[in-house]
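Colleague: what would the 3D arrangement of this be:
(one chain, ligands or ions: 1)
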Amino acid sequence: MKKNDRKIEGYIVWIECQHCNEKFPAFTFSGDIDQVTEGLGALSCMTDPEIIISELTASEWNSMPPEVGIKKFVQRVSNLLDRDDLILPVIASYEHSETDDANFQEFLKKYKPSMPVYKCIKCGRESGRVIRTISPSDFKAEGGAIQLVGKLSLKT
Ligand SMILES: [Zn+2]
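Modeller: Numbering: from 1, shown residues only. Got it, this is the predicted structure:
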(Lines give C-alpha, C1' and ligand atoms only; values in the text may rest on other atoms or scores of the structure.)
Protein backbone atom coordinates (compact mmCIF):
# COMPACT_ATOMS: atom_id res chain seq x y z
CA MET A 1 0.00 0.00 0.00
CA LYS A 2 1.60 3.24 -1.13
CA LYS A 3 1.61 6.18 1.26
CA ASN A 4 0.07 8.73 -1.07
CA ASP A 5 -2.60 6.48 -2.46
CA ARG A 6 -6.21 7.22 -1.70
CA LYS A 7 -7.36 4.49 0.65
CA ILE A 8 -10.64 2.92 -0.26
CA GLU A 9 -12.67 0.31 1.52
CA GLY A 10 -15.79 -1.62 0.79
CA TYR A 11 -17.25 -4.99 0.10
CA ILE A 12 -18.62 -7.06 -2.73
CA VAL A 13 -22.28 -7.80 -3.18
CA TRP A 14 -23.42 -10.61 -5.45
CA ILE A 15 -26.63 -9.72 -7.17
CA GLU A 16 -29.15 -11.99 -8.78
CA CYS A 17 -31.75 -10.72 -11.21
CA GLN A 18 -35.16 -12.06 -10.31
CA HIS A 19 -36.27 -11.61 -13.89
CA CYS A 20 -33.53 -13.23 -16.01
CA ASN A 21 -31.49 -14.99 -13.27
CA GLU A 22 -28.27 -13.23 -14.26
CA LYS A 23 -25.77 -13.09 -11.39
CA PHE A 24 -23.17 -10.36 -11.14
CA PRO A 25 -20.91 -8.79 -8.51
CA ALA A 26 -20.84 -5.11 -7.59
CA PHE A 27 -18.47 -3.22 -5.34
CA THR A 28 -20.00 -1.18 -2.53
CA PHE A 29 -17.89 1.54 -0.95
CA SER A 30 -17.92 1.92 2.78
CA GLY A 31 -16.25 4.29 5.16
CA ASP A 32 -16.74 6.38 8.24
CA ILE A 33 -17.75 9.45 6.30
CA ASP A 34 -19.67 9.83 3.09
CA GLN A 35 -16.92 11.90 1.54
CA VAL A 36 -14.69 8.86 1.37
CA THR A 37 -16.73 7.53 -1.50
CA GLU A 38 -17.09 10.81 -3.33
CA GLY A 39 -15.84 10.72 -6.85
CA LEU A 40 -15.21 6.99 -6.90
CA GLY A 41 -16.75 4.54 -9.27
CA ALA A 42 -16.69 0.74 -9.39
CA LEU A 43 -17.28 -1.05 -12.66
CA SER A 44 -18.27 -4.67 -13.08
CA CYS A 45 -17.34 -6.89 -15.98
CA MET A 46 -20.39 -8.14 -17.87
CA THR A 47 -19.01 -11.66 -18.32
CA ASP A 48 -16.51 -12.45 -15.58
CA PRO A 49 -16.32 -11.89 -11.81
CA GLU A 50 -14.19 -8.78 -12.09
CA ILE A 51 -14.38 -5.34 -10.49
CA ILE A 52 -12.54 -2.24 -11.67
CA ILE A 53 -12.36 0.77 -9.36
CA SER A 54 -11.26 4.24 -10.37
CA GLU A 55 -11.83 7.92 -9.67
CA LEU A 56 -14.20 10.13 -11.59
CA THR A 57 -12.80 13.37 -12.94
CA ALA A 58 -14.25 16.60 -11.55
CA SER A 59 -16.29 17.14 -14.70
CA GLU A 60 -17.64 13.57 -14.64
CA TRP A 61 -18.47 13.93 -10.96
CA ASN A 62 -20.26 17.24 -11.45
CA SER A 63 -22.20 16.24 -14.55
CA MET A 64 -25.92 16.80 -14.55
CA PRO A 65 -27.83 14.61 -14.76
CA PRO A 66 -25.45 12.16 -12.99
CA GLU A 67 -26.11 9.49 -15.66
CA VAL A 68 -24.16 11.60 -18.14
CA GLY A 69 -21.09 11.67 -15.89
CA ILE A 70 -21.36 7.92 -15.24
CA LYS A 71 -21.51 7.25 -18.97
CA LYS A 72 -18.41 9.39 -19.57
CA PHE A 73 -16.59 7.66 -16.71
CA VAL A 74 -17.40 4.17 -18.03
CA GLN A 75 -16.32 5.21 -21.52
CA ARG A 76 -13.05 6.77 -20.38
CA VAL A 77 -11.99 3.82 -18.19
CA SER A 78 -13.03 1.35 -20.91
CA ASN A 79 -10.90 3.21 -23.47
CA LEU A 80 -7.98 3.38 -21.06
CA LEU A 81 -8.06 -0.38 -20.52
CA ASP A 82 -9.15 -1.18 -24.07
CA ARG A 83 -12.26 -2.97 -22.83
CA ASP A 84 -15.81 -3.13 -24.09
CA ASP A 85 -17.33 -5.33 -21.41
CA LEU A 86 -17.53 -2.96 -18.44
CA ILE A 87 -20.63 -1.54 -16.85
CA LEU A 88 -21.39 0.44 -13.73
CA PRO A 89 -24.13 -1.38 -11.82
CA VAL A 90 -26.74 1.12 -10.73
CA ILE A 91 -28.90 0.94 -7.63
CA ALA A 92 -32.45 1.57 -8.84
CA SER A 93 -34.13 1.82 -5.47
CA TYR A 94 -34.06 0.67 -1.89
CA GLU A 95 -36.42 -1.89 -0.55
CA HIS A 96 -37.59 -1.45 2.99
CA SER A 97 -38.46 -4.43 5.06
CA GLU A 98 -42.05 -4.19 6.07
CA THR A 99 -43.64 -5.11 9.29
CA ASP A 100 -47.20 -4.90 10.46
CA ASP A 101 -46.34 -5.30 14.10
CA ALA A 102 -47.86 -2.69 16.31
CA ASN A 103 -45.41 -3.54 19.04
CA PHE A 104 -42.25 -1.48 18.76
CA GLN A 105 -40.09 -4.13 20.46
CA GLU A 106 -41.22 -6.70 17.90
CA PHE A 107 -40.56 -4.21 15.14
CA LEU A 108 -36.97 -3.69 16.32
CA LYS A 109 -36.36 -7.44 16.42
CA LYS A 110 -37.52 -7.87 12.85
CA TYR A 111 -36.12 -4.64 11.46
CA LYS A 112 -33.52 -4.97 8.75
CA PRO A 113 -31.76 -2.10 7.04
CA SER A 114 -33.13 -1.26 3.61
CA MET A 115 -31.69 -3.38 0.83
CA PRO A 116 -30.57 -1.95 -2.49
CA VAL A 117 -32.33 -3.11 -5.65
CA TYR A 118 -30.00 -3.06 -8.65
CA LYS A 119 -30.76 -2.52 -12.28
CA CYS A 120 -29.81 -5.81 -13.96
CA ILE A 121 -26.69 -5.50 -16.13
CA LYS A 122 -28.13 -8.04 -18.58
CA CYS A 123 -31.86 -7.36 -19.04
CA GLY A 124 -31.95 -3.82 -17.62
CA ARG A 125 -34.89 -4.49 -15.33
CA GLU A 126 -34.90 -3.24 -11.78
CA SER A 127 -34.91 -6.76 -10.42
CA GLY A 128 -31.41 -7.28 -9.03
CA ARG A 129 -31.49 -8.45 -5.44
CA VAL A 130 -28.43 -8.88 -3.21
CA ILE A 131 -27.94 -12.58 -2.51
CA ARG A 132 -24.51 -12.48 -0.84
CA THR A 133 -22.17 -9.94 0.72
CA ILE A 134 -18.49 -10.85 0.92
CA SER A 135 -15.16 -9.17 1.62
CA PRO A 136 -12.81 -8.25 -1.24
CA SER A 137 -10.36 -10.94 -0.07
CA ASP A 138 -13.06 -13.63 -0.10
CA PHE A 139 -14.12 -12.46 -3.56
CA LYS A 140 -10.53 -12.91 -4.78
CA ALA A 141 -10.22 -16.28 -3.02
CA GLU A 142 -13.27 -17.42 -4.97
CA GLY A 143 -11.66 -16.48 -8.28
CA GLY A 144 -12.79 -12.87 -8.55
CA ALA A 145 -10.49 -10.09 -9.67
CA ILE A 146 -10.27 -6.48 -8.47
CA GLN A 147 -8.31 -3.95 -10.48
CA LEU A 148 -7.56 -0.45 -9.23
CA VAL A 149 -6.98 2.25 -11.82
CA GLY A 150 -5.18 5.33 -10.52
CA LYS A 151 -3.58 6.16 -7.17
CA LEU A 152 -5.79 3.91 -5.11
CA SER A 153 -5.23 1.27 -2.46
CA LEU A 154 -7.90 -1.11 -1.26
CA LYS A 155 -8.05 -1.87 2.44
CA THR A 156 -8.38 -5.59 2.93
ZN1 LIG B 1 -31.99 -9.45 -15.57
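Colleague: for the chain, name the helix or strand with the lowest mean pLDDT.
Modeller: Lowest by mean pLDDT, DSSP states H and E among the helices and strands of the chain is helix 104-110, with a mean of 68.
Colleague: isn't residue 129 up against residue 117?
Modeller: Yes. Residue 129 is in contact with residue 117 according to Cβ atoms under 8 Å; the separation is 6.6 Å. Where you see a C-beta, it was placed from the backbone N, CA and C, and this is true even at glycine.
Colleague: can I assume residue 12 is in contact with residue 135?
Modeller: Yes. Between residue 12 and residue 135 there is a contact under Cβ under 8 Å: 7.3 Å.
Colleague: who's more crowded, those two?
Modeller: Neighbours were counted for residue 12 and for residue 135 using other Cβ atoms under 10 Å; residue 12 has more, 25 against 12.
Colleague: so that one belongs to a helix, correct?
Modeller: No. If the criterion is DSSP: H, G, I helix; E, B strand; the rest coil, then residue 12 is strand and not within a helix.
Colleague: got a list of what it touches?
Modeller: 25-28, 51, 133-136, 138-139, 144 (Cβ atoms under 8 Å, 6 or more residues apart in numbering).
Colleague: what's the longest helix in the chain?
Modeller: For the chain, the helix with the greatest residue count under DSSP state H is helix 66-81.
Colleague: for this structure, what lies in contact range of the ion?
Modeller: Within reach of the ion by Cβ under 5 Å from the ion, the chain has these residues: 17, 19-20, 22, 120, 122-123.
Colleague: in helices, which of those fall?
Modeller: Per DSSP H, the residues of the chain next to the ion never map to helices.
Colleague: now, among those residues, which is nearest to residue 84?
Modeller: Closest approach between these and residue 84, by Cβ to Cβ: residue 122, at 15.5 Å.
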